[in-house]
Structure formats: structure tokens, C-alpha cells
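Enquirer: Task: produce atomic coordinates for the following.
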Amino acid sequence: MTASPASDAAADLIAELIAHGVRDLVLSPGSRSQALALAATALARSGALRVHVRIDERAAGFTALGLARETGAPAAVVCTSGTAAGNLLPATMEAFHSGVPLLLLTADRPPELRGVGANQATIQPGIFGPFVRLHIDAAVPGHARGGRAALPSPTAWSGLGERAVRAALGLESDGLAGVHGPVHLNLPSREPLSAAADVAATPGEMPTPGAVEPVLLSRGPRTVVVAGADAGPDAEELSHAGGWPLIAEIVSGSRFGRLLVHGYRELLRDETLGGRIQRVVVFGHPTLSREVAALLARSDVEVVAVRRGGEALNLNGRTRAASALAVEPGVADRAWLGEWMTASQTRVVDLSAPAPDQKGLYSDHSAERLDAVRAELDAVRKRVDRQILVDAVWRATWPHDRLVFGSSRLVRVADQVLGGKKVPVHANRGLAGIDGTVATSIGIALASQADGAPGVTRVLLGDLAFLHDVGALLLPGDEPAPRIQVIVGNDGGGTIFDGLEVAASAAQDDLDRAFYTPHRVQLAELAAAYGWQYERVTTRSALDQTLTSAITGPQIIEVPLER
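Expert: Below you'll find the predicted structure:
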């Protein structure tokens, strides 16, 4: 034991988290959390833990969210008391609705300093409300005031690490079996808040769930599989097993395979196809089209939903929740599948540049050669629009890379025009907020590139989503820099509102001021201030070259777009 019960309890807790599979911890500096911080950094030096330091707690929360998104393992975030804890709420809400295992370790004042106007003291127990799977206001390490005996300091927080990990992975018996989510440990302590200590931990494995009996899907009803955000390859596997058309959002991680439906919005509106659907199997959280939302709300359609996070779902009064699915033996409905595949082929969008006119380029006639050369120059100089931008990023990304979509206009364009490709895709679509996109992406990059793994993380987002999280660009100089390209489609404001009712109902001046919020931020100067590399590209050829060039540090790529 040390002279600081807080240090002993913190070392015990962090070691216990590591023993149950936690490998990443994001830390924001503060006084009340110093014992936790010192235990974490000591264990980082031993190689048992990866510690990432961020001065902004909101960025810290989203960085931890990205780490947990990529690894599937709980990531911890540590902060001091007061507004620091409140800044974790946005990431906590997203983690809850997306089913991401996040551990919130908030330092706090002891009971005698609560409700008496003490500095940086607020009502932290229960601060995250319904957005956590488990909340514990822990005991204070050490001896209680007034002579009452307390638990010995090393055991004050013992057992909390295991409980927190199990709850974050949906392994507690609370009716949320298999559903991941955030957990809050509120950790009060008294002075002395830290002391020198020998800290050790043995890395262990995450607890794993027991076998789950899958729901067996019959072959009778005319079925489609819908894959929303965070669906992953499970949706494609079930589609293949059942012989059912696959409607996969671009953020699903399921947009690949021979049963993928192109142009699904239009086909869902077609009464001869979408109108005849009898059953929908839903993976993840679909959010990108009104057509899918309308389908899931139909009272004549049976919905089977594999729950990933958030509240319990009952989309249309006929929803069955499931943790696992299987398809009964038998023959697929080839006629139903064939109708969808035939219609899908007619809606494939080809965004590739036309092949060079080889005959014209080598023609004996100077006029033909000149026309062919002009056509080539026009193709090279073609200004990037939204479709070209999303296509270029999609083509540059491969299975060893990661692609993150922000909640901007570009993700909807991508969903409408891009084809199938098996690449790891992430997006914060639990609540589809624009906050935290850069920080989340940095967490994803750090996790995917740990231990020397190859690949680049590309983030495609609009200018407002980028500016909303600009503080996340501040990275410590003594930590490994992620290989990341933040690609900003800059149209000078929130043009996503073009497609909403307000564009038709508001006066232009009001629309500009309150919704488009045009700006004059110089992204090059922002990049320089934070020490990021910067490129501005306007043509497809320059964009392709920039996206595929070797990365030597974090990079911002600005692509000007028409309003």
C-alpha cells in the first residue's frame, strides 16, 4: 500500500480492466483524476495498456468511441470532476444508440464535498441517465471521516473493472444480453490524491458470451435483408444463405456480394417489387433513406431485427428482436430473387472515366488527334463534384484500410451511387450527429494501425462536420501519429438542408443565416496551426493522386464543391 488510498484503488481498478481485455484508455488531465492518470501511464510504460491523452474531454470521449468501434473491445476514458464529465455525454449517447462498449471513469469529490459549493463539484452520480448499461457511484478509498471504518484501500474499487467490462459487453443479467453499450464508474476520492506506487498488470482476454439459440427464419415469405449502420458482414452472410436480396446502406459494412441491390430507393418505391415485400430482416441501424423507413413502418410487413444498441425496437407493431439468426434448409425463391437482381442491374451507376480514344490519339489525321487530345485534357481537368468525390474515395480504399463517413450530404450521395466493395466502413449513425467525427476517426485509425498493421483511415465529411470537431486535430507530439486522411468536401455551409422542408418554407436570408451558416474559414491555415499536412484539390486526376500517395503524417484534403 502507498500513502494514498486513491492511488492503490486506481492501480487495482486499471489492472483489473486490463486483466479483462481492455487495451486502450483515453485520458484528459485533471487534479481529482490524478491517481487514475498515473496508474494508466505507468501501465502504458510496461506495455500493458495504450494510453492516448486529449486535453478536450469531448474529443477524448469520441476518440475512445472510435477505438472501441474498431476493436469491438471496451475502451476506457478517464476525466476529472465537474464539466469534464459533462463533456462525455455526446459520445456516451452515440455509444448507447450504436451499441459501442465504452467505459466512463469519472473522478469525483467525496460525499462530504458534494452539495456544499465545493470547487468543480456537481451531481455526477447518474449524470448519463438512461444512456449507460450500468452506473456505479463507487465507495471512497481509505478511511471514512468521523472514525467510521471503511474498506481497506486496495479493495475499495475491486470487482468494479470486471463488472464494468461485462456490462459493456452485454453479459450482465439485465435483459440486454449481447447488446454492447457504455458503462459509468463514478470514482470519488479524498486527499492525498496520489503517491508514488509500483503498478503492475497482466493482460487478459475479454469475457465472451455463451452460445445463443438463433431465431430460425422460414423460407416462405418474400423477404429482403436490410443492412444499416454497424450491420457488418453478418447481413451479407444471411442474404447469401437465404437467397434474399440485400439492401445495404453505404455505412453498413455489408455493401458487397452478388445479391447486393443497386438503386434500392427506386426499387422500394416500385409496387411490383417493394410493394410485394412480406418480411424484412434488419441488421444494424438504417437511417439514410425515407424508403427504408417507410418499408419498416408498414403494418403488413413482418420485421425481424438483430439488435445492436439503443432502445428496444418495435418498428411497426410486428417486430421480433433477435440476437442471432439462421435460415431453415430448403430452396431459395429464385423467381423473387431474380426479379430483384434483374431490376438491380439496370440501376448500376458507372462513374468511371471514359477510356481514352486510342484510335483518335494515334490517328493519321491531325483533326482527329486534336479532338482526342482535347477530350483527354477535359477529362483530366474535370472539376470534382460530389459524385466524383465519393467515387474517388471509394475506389482508393481497400480491405486493409478504413473508411469513415461523416453525417454530411456526402454520405447520402455515396449511398445513392456507389457499388459494392468489401471494405471496413464506420459512421456515427446511432444519432447521426455531426459532432465528434474527426475524433472518432482518429480513434479508429489508432486502433486499426496498432502493432504496425498497414492501411490508411480515410474520413469523408462536409465542412461543417469538420469545423464542429476541429479541436480533435490537436494530437500529442509524443504519441504515434495516425495514418489518416480527412477529406473535406467544402461547399461553404450546410447544403444538406437543400433536401429538407425548410429549403422550401424559409426566406433565403433566414435559410442562409440559421441553416446553411456560410463561413470563410481557411482550412489551410487551420491545418498549419495544428501541424497537419494539407492539400487542396479540384480535379479528379489530382484527387486520385493525392488519395493514393504515400502518407507521412495526418493529412487534410480540401475539395471545393459547388453550393
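
Enquirer: ok now do residue 219, which residues does it touch?
Expert: 242, 327, 328, 330, 331, 332, 333 (CB atoms under 8 Å, 6 or more residues apart in numbering). For every residue, glycine as well, the C-beta is placed using N, CA and C.

Enquirer: Quick one: those as JSON lines, columns for secondary structure, distance to residue 276 and neighbour count too.
Expert: Shown next, in JSON lines, are these (DSSP: H, G, I helix; E, B strand; the rest coil; distance: CB to CB, whole Å; neighbours: other CB atoms under 10 Å):
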{"residue": "242", "secondary structure": "helix", "distance to residue 276": "17", "neighbour count": "25"}
{"residue": "327", "secondary structure": "strand", "distance to residue 276": "20", "neighbour count": "21"}
{"residue": "328", "secondary structure": "coil", "distance to residue 276": "21", "neighbour count": "10"}
{"residue": "330", "secondary structure": "coil", "distance to residue 276": "20", "neighbour count": "11"}
{"residue": "331", "secondary structure": "coil", "distance to residue 276": "19", "neighbour count": "7"}
{"residue": "332", "secondary structure": "coil", "distance to residue 276": "16", "neighbour count": "16"}
{"residue": "333", "secondary structure": "coil", "distance to residue 276": "11", "neighbour count": "17"}
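
Enquirer: out of those residues, which one sits closest to residue 401?
Expert: residue 242 (29.9 Å; CB to CB).

Enquirer: was I right about that closest one contacting residue 221?
Expert: No: using CB atoms under 8 Å, residue 242 is not in contact with residue 221; the gap is 10.5 Å.

Enquirer: before we move on, back to that, with respect to residue 456, which of the contacts of residue 219 is nearest?
Expert: Of all those, residue 456 sits closest to residue 242, with 34.9 Å by CB to CB.

Enquirer: Now do the closest one against residue 420, distance only.
Expert: To residue 420, residue 242 is 18 Å away according to CB to CB, to the nearest Å.

Enquirer: where along the stretch 201-350 of the chain do the helices fall?
Expert: 234-242, 264-269, 290-297, 334-345 (DSSP state H, counting those that start in this stretch).

Enquirer: quick one on the thing from earlier: tabulate the contacts of residue 219 in CSV, adding columns for pLDDT.
Expert: Formatted as CSV, those follow (pLDDT from 0 to 100):
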residue, pLDDT
242, 97
327, 96
328, 95
330, 93
331, 93
332, 93
333, 95
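
Enquirer: right, and the pair among these with maximum separation?
Expert: It's 328 and 333 that sit farthest apart of the contacts of residue 219, by CB to CB, at 12.9 Å.

Enquirer: Serialize the helices of the stretch 201-350 of the chain to CSV and add fields for distance to residue 415.
Expert: Below are the helices of the stretch 201-350 of the chain laid out as CSV (distance: least, CB to CB, whole Å):
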stretch, distance to residue 415
helix 234-242, 15
helix 264-269, 9
helix 290-297, 10
helix 334-345, 15
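
Enquirer: looking at those helices, which is closest to residue 58?
Expert: helix 290-297 (29.6 Å).

Enquirer: Now do the buried residues in that closest one.
Expert: Under the neighbour-count criterion of 16 or more other CB atoms under 10 Å, helix 290-297 has 291, 292, 295, 296 buried.

Enquirer: Where does the prediction get shaky in the stretch 451-563 of the chain?
Expert: 498-500, 502-503 (pLDDT under 70).

Enquirer: Low-confidence bits of the protein, can you list those?
Expert: Checking the chain against pLDDT under 70 turns up 143-155, 173-176, 312-316, 353-357, 360-361, 371-381, 498-500, 502-503.

Enquirer: let's go with 50 and repeat that
Expert: For the chain, the stretches flagged by pLDDT under 50 are 145-154.

Enquirer: Assumed residue 120 was part of a strand.
Expert: No: read with DSSP: H, G, I helix; E, B strand; the rest coil, residue 120 is coil and lies in no strand.

Enquirer: Can you give me the neighbour number for it?
Expert: With neighbours defined by other CB atoms under 10 Å, the count for residue 120 comes to 17.

Enquirer: ditto for residue 346
Expert: Residue 346 has 10 neighbours, counted by other CB under 10 Å.

Enquirer: which non-adjacent residue is nearest it?
Expert: Distances taken as CB to CB, 6 or more residues apart in numbering place residue 263 nearest to residue 346, at 7.9 Å, with adjacent residues excluded.

Enquirer: so what's the one you found up against?
Expert: 343, 344, 346, 347, 348, 349, 416.

Enquirer: do residue 461 as well
Expert: Applying CB under 8 Å, 6+ apart, the residues near residue 461 are 404-408, 410, 434, 437-438, 486-489.

Enquirer: ok, the strand or helix carrying it: who's next to it in the sheet?
Expert: Residue 461 belongs to strand 457-462 when assigned by DSSP states H and E. In the sheet containing strand 457-462, its partner strands are strand 402-405 (parallel), strand 484-490 (parallel), by DSSP bridges.

Enquirer: Would you mind putting these into TSV with distance to residue 554 alongside?
Expert: Below are the strands paired with strand 457-462 laid out as TSV (distance: least, CB to CB, whole Å):
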stretch	distance to residue 554
strand 402-405	14
strand 484-490	5
